[in-house]
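Asker: here is my input, please return the structure:
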Amino acid sequence: MGIFKRLRDMTMASINDLLDKAEDPVKMLNQFLRDMEEDILEAESAVAKQIAIEKKFKQQYEESEEMVNKRTEQAMKALESGNEDLARRALQDKKEHQERFDELKRQYDVAKTNADQLRNQLSEMKDEFSKMKNKKDLLVARAETAKAQKQINQAMSGFGTDNAAKGFDRMSEKVLQMEAEAQASGEIRAKNRSLDDELDQLGKSDGVDDELAALKAKLAEKKQS
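Answerer: Residues are numbered from 1 along each chain as shown. Now for the predicted structure:
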């Protein structure tokens, strides 16, 4: 298991642990993405260093390879010129460059293998990050929906309870009592008004009898004349 695979597993474990404790999943999801971005930046830096090592060994072994070829050609030219000693020294130097080439090539192959592995692991981290980023909107929507549903459920928890029903019954009885008191008050007032009216009518005339008596008197005078 590579270092970045372990890092990813640790990150996912931390995410699951924090999600269980998170009061606001939306904020936590944003924080997780920021943390993963930082992990990826660190991983990219590590990969870049390994790639630099790979390129360094490649440059060095290629230089050694060039020297091996160069000394071979020079040894051949020395022999063609009849200078065997110079050819021998060129071949001796070639041998040293060949040994250096073999060691640098071996180190390059190891460095390239490590770099390729780190590249793949970094690619996996980026793919995982991309998947989580794509899931973020869905998780946020689900979190908001759950939050809204919880608020609605809490708001409706008191609806239709015994306390509410009893409260309505008490208010209904109170309204009935107020209506009964208002009606009784009206009846008492009406009764008192009728008595007052009868008493006021004593000794009062509506004027018709007086006018009728006047007409009778006028008629009697007319007959006498």
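Asker: just for the protein, where's the confidence low?
Answerer: Applying pLDDT under 70 to the chain flags residues 1-23, 157-165, 189-208, 225.
Asker: show me how it divides into domains.
Answerer: 3-157, 161-225 (automatic domain parsing).
Asker: got a markdown table for those, with mean neighbour count too?
Answerer: Using the backbone N, CA and C atoms, a C-beta is placed for each residue, glycine as well. Formatted as a markdown table, those follow (neighbours: other Cβ atoms under 10 Å):
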| stretch | mean neighbour count |
| --- | --- |
| domain 3-157 | 14 |
| domain 161-225 | 9 |
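Asker: where along this protein do the helices fall?
Answerer: Here the chain has its helices, by DSSP state H, at 3-21, 25-80, 84-156, 162-201, 208-224.
Asker: for the shortest one, name the packing helices and strands.
Answerer: The one in question is helix 208-224. Applying 3 or more Cβ pairs under 8 Å, 6 or more residues apart in numbering; DSSP states H and E, we find helix 208-224 packed against no helix or strand.
Asker: just how off-centre is it within its chain?
Answerer: Taking Cα atoms, centre = their mean, to the nearest Å, one finds the center of helix 208-224 at 104 Å from the center of the full chain.
Asker: stretch 170-180 now?
Answerer: When C-alpha coordinates are averaged (Cα atoms, centre = their mean), stretch 170-180 and its chain have centres 51 Å apart.
Asker: could you do stretch 177-192 as well?
Answerer: 63 Å.
Asker: contacts for it next, please.
Answerer: Residues outside stretch 177-192 that contact it (Cβ atoms under 8 Å, 6 or more residues apart in numbering): none are found.
Asker: ok, now which ones touch the residue most central in space within the chain?
Answerer: The residue lying closest to the centre of the chain (Cα atoms, centre = their mean) is V26, at 2.4 Å. Contacts for V26 (Cβ under 8 Å, 6+ apart) come out as 140, 143-144.
Asker: now swap in F129 and tell me
Answerer: 33, 36-37, 40.
Asker: if I look at A43, how far off is A52?
Answerer: 15 Å (Cβ to Cβ, to the nearest Å).
Asker: sorry, slip of the keys, the one I care about is S81.
Answerer: Taking Cβ to Cβ, one finds S81 at 43 Å from A52.
Asker: ok, now D209?
Answerer: From D209 to A52 the distance is 133 Å (Cβ to Cβ).
Asker: what's the answer for E181, then?
Answerer: 96 Å.
Asker: and if you look at F129?
Answerer: When F129 is compared with A52 (using Cβ to Cβ), they lie 24 Å apart.
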